[in-house]
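Engineer: Here is my input; please provide its structure:
(3 chains)
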Amino acid sequence: MAYWLFKSEPESFSFSDLQSAPNQTTGWDGVRNYQARNLLRDTIQVGDQVFFYHSNAEPPAIVGIAKVVQAGHPEPSALDHTHPYYDEKSDPGNPTWYQVKIQAVKLVEPHLTLTDLRAVPELANMVLLKKGSRLSVQPVTEAEWKVITTLAKGSKKEKRG
DNA sequence: GCCAACGTTGGC
DNA sequence: GCCAACGTTGGC
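Structural biologist: Numbering: from 1, shown residues only, chains lettered A, B, ... in the order given. Below you'll find the model as predicted:
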């Protein structure tokens, strides 16, 4: 099992949008970057876990956890000429764009902001925190996953006490 | 709204 | 195949 971080602008699709979707599940469509596409198509597997990150948000933060419920398959939106994500250059017989399906697992409350994450020495090499990193589907190491989920539990405890 | 960093495009 | 120009991302 592997770990990932998916970025989304909350104005376009937020974690609460995922939670209110049928089965709390959605096809992760609209990815138009080849490096991210390759991960969606070739690498990400059912059962993998995903941090749901809000970019261009105030503040930018990890806001939830999701899991992969269907591995890579051709993205329907790219082949639907009525859809905003339609790509006329993609050949339906050999589609360019792929998606996976994810399902919400739980809210991360309070959110783990970018500032919170930068403050953690163990996360110094995280892809998200690298300067100029724009990849919208990115790998998370097991060590990073553990540190971050522990942070999430810790801050919950603090709030209670 | 600004702008640095990045990915893609297209002329040559 | 190089690289300048352009468009996009995304933090601030």
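Engineer: which of the residues in the strand ranked longest in chain A are buried?
Structural biologist: The residue-count maximum for a strand in chain A (DSSP state E) belongs to strand A:98-113. Across strand A:98-113, burial judged by 16 or more other CB atoms under 10 Å covers A:98-105, A:108, A:111-113. Every C-beta, even on glycine, is put in place using the N, C-alpha and C of the backbone.
Engineer: Hmm, A:Ile44 is touching A:Phe6, no?
Structural biologist: No. With contacts defined as CB atoms under 8 Å, A:Ile44 does not count as touching A:Phe6, sitting 9.7 Å away.
Engineer: who touches both of these two?
Structural biologist: Residues touching both A:Ile44 and A:Phe6 (CB atoms under 8 Å, 6 or more residues apart in numbering) are A:Val137.
Engineer: Who has more neighbours out of these two?
Structural biologist: A:Ile44 (25 against 22; other CB atoms under 10 Å).
Engineer: Need phi/psi at that one.
Structural biologist: Backbone geometry at A:Ile44, expressed as degrees, to the nearest 10, gives phi -70, psi 130.
Engineer: Skipping adjacent residues, who's closest to it in space?
Structural biologist: A:Val100 (5.2 Å; CB to CB, 6 or more residues apart in numbering).
Engineer: Is A:Glu144 in a helix, a strand, or coil?
Structural biologist: Classification of A:Glu144 using DSSP: H, G, I helix; E, B strand; the rest coil returns helix.
Engineer: how close does it get to A:Leu129?
Structural biologist: 10 Å (CB to CB, to the nearest Å).
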